[in-house]
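[1] Provided below for reference: sequence and predicted model.
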Amino acid sequence: MSSTTVAPGTKKAAAKPASMAQALQRALRDAMAEDPTVHVMGEDVGALGGVFRITDGLVKEFGEDRCTDTPLAEAGILGAAVGMAMYGLRPVVEMQFDAFAYPAFEQLASHVAKMRNRTRGALPMPLTIRIPYGGGIGGVEHHSDSSEAYYMATPGLHVVTPATVEDAYGMLREAIASDDPVVFLEPKRLYWSKADWSPDTPAAVAPIGKAVVRRPGRSATLITYGPSLPVCLEAAEAATAEGWDLEVVDLRSLVPFDDETVAASVRRTGRAVVVHESAGFGGPGGEIAARITERCFHHLEAPVLRVAGLDVPYPPPMLERHHLPGVDRVLDAVARLQWED
């Protein structure tokens, strides 16, 4: 039975408004309640409940042994989690902010990503690393990085990012249940987004490695993920005034990548724009555009375009609106797709 499947005879709760933060908190609570090997650890995850209150209430329900405040030492946190996973536990590590995770990158690249391969499968690595990432909250330096490209370029990791309330729950449950290490990127700007939701709905299941079409269309495909999904959906609605019918694909999983869903969409529309907050040069969009070109070359009516963050360190809060992809920049890219009369 999937980690998110409702057991027979279980009474389903009615859907009601919930935030992404609440869905993530519920996912952690349910995983800990169902599996005593699940341990949450990180800076201020205990008494404080985390900077964004995602772990609020867990220490009261499960105790300090399973929801543990750690020292301010990211490399030590992740190194300890590697040992826990090797001995059969399922640690869930929280890195407070995206750029705070960099001191732990050596542990991630040298051990987390390689352990299962190094031991020929004898030692699985059921480790989930939760990282709040991206901009849109007016954060200062080290608090708004889009670091997904680093993790995508590290073989051995799964890299996923939810963009909806129900995906936040379902994808985190799947990540914790996985025997492979998962970097779970949480869009900070979407923590307070809300939707009618219940963890008991069938839609709560969100398999790792599967993209989804959020809006069908025929003119062009917008390919995005995480914090840029609402921007693309808004752009698609605005594009109707120009007579453009835009399809929007939410990748959800960056690694493994769902080539099938993306290619099928681009073959239908013949045009594609990749949208993300990460920098354009060396960013995820380059890899995605290459994969589309390899698989859809004879269907493309125009080059695959990218709309991305600027190729600069993340700017101060008052300038981030210029840095982040917005509706106007997305529509400008769509307008450059060499439309025929």
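    Ah, there it is.
[2] so what's the gap between the host helix or strand of Val183 and the chain middle?
    Following DSSP states H and E, one finds Val183 within strand 182-187. Centroid separation for strand 182-187 versus its chain: 4 Å, with C-alpha atoms, centre = their mean, to the nearest Å.
[3] so what does that strand touch, helix or strand wise?
    Counting contacts by 3 or more C-beta pairs under 8 Å, 6 or more residues apart in numbering; DSSP states H and E, strand 182-187 is packed against helix 20-34, strand 128-133, helix 148-152, strand 158-160, helix 165-177. From N, CA and C alone the C-beta is placed, and that goes for glycine too.
[4] between the last one and strand 182-187, how big is the angle?
    Orientation note: helix 165-177 sits at an angle of 160 degrees relative to strand 182-187 (axes from the mean of the first three to the mean of the last three C-alpha atoms, to 10 degrees).
[5] quick one, helix 165-177 and strand 128-133 angle?
    140 degrees.
[6] was I right about Pro132 contacting Ala101?
    No: contact criterion C-beta atoms under 8 Å: Pro132 and Ala101 do not qualify, at 9.6 Å.
[7] which residues are in contact with both of the two?
    Met95 (C-beta atoms under 8 Å, 6 or more residues apart in numbering).
[8] returning to what we had before: sheet partners, orientation included, of the very next helix or strand once past the strand holding Val183?
    Sequence-wise, the next helix or strand downstream of strand 182-187 (DSSP H and E) is strand 194-197. When sheet partners are counted by DSSP bridges, strand 194-197 sits next to strand 16-19 (antiparallel).
[9] circling back: export the helices and strands packed on strand 182-187 to JSON lines and tack on mean neighbour count and mean pLDDT?
    Putting those into JSON lines (neighbours: other C-beta atoms under 10 Å; pLDDT from 0 to 100) gives the following:
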{"stretch": "helix 20-34", "mean neighbour count": "22", "mean pLDDT": "97"}
{"stretch": "strand 128-133", "mean neighbour count": "27", "mean pLDDT": "97"}
{"stretch": "helix 148-152", "mean neighbour count": "22", "mean pLDDT": "97"}
{"stretch": "strand 158-160", "mean neighbour count": "26", "mean pLDDT": "98"}
{"stretch": "helix 165-177", "mean neighbour count": "26", "mean pLDDT": "96"}
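[10] export those to CSV and tack on distance to Val82?
    Listed next are these as CSV, based on distance: least, C-beta to C-beta, whole Å:
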stretch, distance to Val82
helix 20-34, 19
strand 128-133, 11
helix 148-152, 16
strand 158-160, 16
helix 165-177, 16
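[11] Gly283: which of the ones you listed is closest?
    helix 148-152 (5.4 Å; C-beta to C-beta).
[12] other SSEs contacting the closest one?
    strand 158-160, strand 182-187, strand 253-255, strand 272-279, helix 284-296.
[13] who touches that helix?
    105, 108, 133, 157, 159, 161, 183, 185, 226, 254-255, 276, 278-279, 282-284, 287.
[14] these, buried ones only, as a PyMOL selection?
    Selecting just the buried residues from these in PyMOL takes one command, with 16 or more other C-beta atoms under 10 Å as the test:
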select buried, resi 105+108+133+157+159+161+183+185+226+254+255+276+278+279+283+284+287
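[15] so for Gly270, which of the helices and strands packed on strand 182-187 sits nearest?
    By C-beta to C-beta (comparing all of the helices and strands packed on strand 182-187), the closest turns out to be helix 148-152, at 26.4 Å.
[16] what angle separates the helix or strand containing Ala80 from strand 128-133?
    Following DSSP H and E, one finds Ala80 within helix 74-86. With the same axes, to 10 degrees defining the directions, helix 74-86 sits at 150 degrees from strand 128-133.
[17] many thanks, we can stop here.
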